[in-house]
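> Quick check, what structure comes out for this input:
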Amino acid sequence: MIDIKYLREKPEIFYSSSKARGFDTTTLDKFFDLDREWRENLKKINDLKHRKNQITASISEAMKNGGDIQALKEEVKGLNSNIDSLEERQKIIETEREVIVRTIPNLLHDSVPVCKGDENNVVVRHWGVASVFRDDVDEYLNSTGKTGQYTLLDWKPQSHVDLMQKLDLADLERAGRSAGSRFFYLKNRLVKLELALANYAVDFLSERGFNVVEPPYMLNYRAMAGATDMDTFKDTLYKIEGEDLYLISTSEHPIAAMYMDEIFEESSLPLRIAGLSPCFRKEAGAHGKDTKGIFRVHQFTKIEQFIFCHPDHSWDFLEEILGNAEAIFQSLKIPYRVVNVCSGELGNLAAKKFDIEAWFPAQGKFREVVSASNDTDYQARSLGIRFRTKDGNRFVHTLNSTAIATTRVMVAIMENFQANDGSGIKIPEALVPYTGFDFIPGN
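Model prediction:
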């Protein structure tokens, strides 16, 4: 949630930022109309109360002197009625204004490119030597500013769907019958690979000062609405029927809500947390996209980075969590590029977001595997998370980033490390101590 005081002081900044996002600025107009009425009513209420105090004093004086107070009492009665009416209206205004404020997006950072559409995201850098099928060379070079290094393949890598079936690593058909589309049964060594990825990411972040947390897999509305934008996520979240509970779509949300309405000591910041959890997503807006396989699914495991920090340091921490994610993909030898996400593609919370997109040889394109965001004080303000200073309490800044979303990384491994005859999948060297094997063969 934005700072109302700052919105009043600098409305032009919010109009400019909202326009850059493609956000309907009539919402801002409605806020200012309501806020203006609220302030006018507040003045009227204070004036009426002042008049009431004056009359009450006059009544007291008249009673001492034996004067007639009936007219004065009638005036007080009329003032009370007007005050009650205005105060009732104030409550309505405050409720409507609160709803509107929660929909106004965070202020964009100056370095966010102003545009709409994923294709317009700005490539910041790329890493690795990609395996590129000959028909996909132009796509790869165009996606890396003509500077990406690659090894040319004269054979087309198999899709992860075909590999999983061929190597008996998943059962999608039975999952479809028992649960529906975008679900899966993982099998055999692919299960061990998923566990290895989770343990590897947890160890990786633990060594970098992150406390590991397994959060609740459900949140109540107060916590979920404070941690995310419910309007944006309404088509993503699973609601538990008949209960005030939602299944989490990322551990970011329960970790953000973990310190709801609490005040940190300044000396305890930054607080780094690594969240390990399943994630549940409807993917309602992804009709027809990735309907086969495990790239876009309703349920997956993710290890998330989260930081509560002093506002003066949050931009440094954005680079830290992005750097952690890059280091993980470098250690796995998965080629990727980093993009600065454009204004029209940001959610309401993020002031700036970087995506890491891995190269998928079978698909012949870069695809998102990591999102790293600085939400500044937007999320903390909604959740009431502050820290003490000598000049009073201030809101912390919160940041989040994927470390590993297991299903997408498994797809990247299957596409990047498959044998050219499809006979098996090589395991990235960094994961071998966690898997106990270096190759997934066919049965």
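> For the rest of this, base every contact and every neighbour count on C-alpha atoms.
Will do.
> Go through the worst-scoring helix or strand of the chain on mean pLDDT and list whatever outside residues touch any part of it.
Within the chain, judged by mean pLDDT, DSSP states H and E, the helix or strand with the poorest mean is helix 230-233; its value is a mean of 76. Identification of contacts with helix 230-233 by C-alpha atoms under 8 Å, 6 or more residues apart in numbering yields 103, 224, 347.
> do the same with stretch 169-179
Under the contact criterion C-alpha under 8 Å, 6+ apart, stretch 169-179 has outside partners 163-165, 181-190, 293.
> so which of those comes closest to residue 18?
For the contacts of stretch 169-179, the closest approach to residue 18 (C-alpha to C-alpha) belongs to residue 182, at 34.4 Å.
> show me what contacts that closest one?
By C-alpha under 8 Å, 6+ apart, the contact set of residue 182 is 176, 291-294, 296-298.
> Phi, psi for it please.
Phi and psi for residue 182, reported as degrees, to the nearest 10, are phi 70, psi 20.
> before we move on, back to that, who wins for neighbours among the contacts of helix 230-233?
For the contacts of helix 230-233, neighbours were counted using other C-alpha atoms under 10 Å, and residue 224 has the most, 22 neighbours in all.
> Give me the secondary structure label for that one.
With DSSP: H, G, I helix; E, B strand; the rest coil as the basis, the three-state label of residue 224 is helix.
> Read off the pLDDT value for it.
Looking at residue 224, its pLDDT stands at 96.
> for residue 286, same thing?
As predicted, residue 286 sits at a pLDDT of 60.
> give me the number of residues near residue 368?
Residues lying near residue 368 (other C-alpha under 10 Å) number 15.
> Doesn't it belong to a helix?
No. With the criterion set as three-state DSSP, the secondary structure at residue 368 is strand rather than a helix.
> Quick check: it touching residue 360?
No. Using C-alpha atoms under 8 Å, residue 368 makes no contact with residue 360, being 10.2 Å away.
> So which residues of the stretch 251-400 of the chain form helices?
Using DSSP state H, counting those that start in this stretch, the helices of the stretch 251-400 of the chain run over 252-257, 314-331, 378-383.
> Residue 355 is nearest to which of those?
The closest of those to residue 355 is helix 314-331. By C-alpha to C-alpha, the value is 8.7 Å.
> Among the helices of the stretch 251-400 of the chain, which comes closest to residue 146?
Distances from residue 146 to each of those were compared using C-alpha to C-alpha; the minimum, 20.7 Å, belongs to helix 314-331.
> so what does the closest one touch, helix or strand wise?
Judged by 3 or more C-alpha pairs under 8 Å, 6 or more residues apart in numbering; DSSP states H and E, the packing partners of helix 314-331 are helix 188-206, strand 365-374, strand 397-405.
> For these, give me a markdown table that also has distance to residue 13.
As requested, the helices and strands packed on helix 314-331 are exported to a markdown table (distance: least, C-alpha to C-alpha, whole Å):
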| stretch | distance to residue 13 |
| --- | --- |
| helix 188-206 | 37 |
| strand 365-374 | 19 |
| strand 397-405 | 20 |
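> For residue 85, which of the ones you listed is the nearest?
Each of the helices and strands packed on helix 314-331 has some distance to residue 85 by C-alpha to C-alpha; the shortest is strand 397-405, at 39.7 Å.
> related to what we said a few turns ago, name the residues of the least confident helix or strand of the chain that are buried.
230, 233 (16 or more other C-alpha atoms under 10 Å).
> Please apply the same query to stretch 321-331.
By neighbour count on 16+ other C-alpha under 10 Å, the buried set for stretch 321-331 is 321-322, 324-326, 328-329.
> and if you look at stretch 100-114?
In terms of neighbour count (16+ other C-alpha under 10 Å), stretch 100-114 has its buried residues at 100-108, 112-114.
> Most widely separated two among those residues?
Greatest spacing in the buried residues of stretch 100-114, by C-alpha to C-alpha: 100 and 113 (25.9 Å).
> Please parse this protein into its domains.
Each domain of the chain is listed here as a residue range: 4-101, 118-441, per automatic domain parsing.
> among those domains, which gets the worst mean confidence?
If the domains of the chain are sorted by mean pLDDT, domain 4-101 sits at the bottom with a mean of 92.
> That domain spans what distance, first to last residue?
By C-alpha to C-alpha, to the nearest Å, the extent of domain 4-101 from end to end equals 8 Å.
> And stretch 257-268, by the same measure?
17 Å.
> Check the offset of it from the chain's centre.
19 Å (C-alpha atoms, centre = their mean, to the nearest Å).
> same check, this time on stretch 373-384
10 Å.
> what's that stretch in contact with?
Judged by C-alpha under 8 Å, 6+ apart, the contacts made with stretch 373-384 from elsewhere in the structure are 1-3, 106, 223, 226-228, 256-257, 260-262, 311, 314-315, 318, 349-354, 386, 395-401.
> please redo it, this time with the cut-off set to 7 Å
The set of residues that contact stretch 373-384 without belonging to it, under C-alpha atoms under 7 Å, 6 or more residues apart in numbering, is 1-2, 106, 226-227, 257, 260-262, 318, 349-354, 395-401.
> Now do the strands in the stretch 201-350 of the chain.
For the stretch 201-350 of the chain, the strands defined by DSSP state E, counting those that start in this stretch occupy 211-213, 218-219, 246-247, 263-264, 271-280, 299-309, 336-340.
> Tell me, how many residues neighbour the residue nearest to residue 359 when sequence neighbours are not counted?
Closest residue in space to residue 359, ignoring its immediate chain neighbours: residue 366 at 4.4 Å, by C-alpha to C-alpha, 6 or more residues apart in numbering. As a burial measure, residue 366 scores 19 neighbours (other C-alpha under 10 Å).
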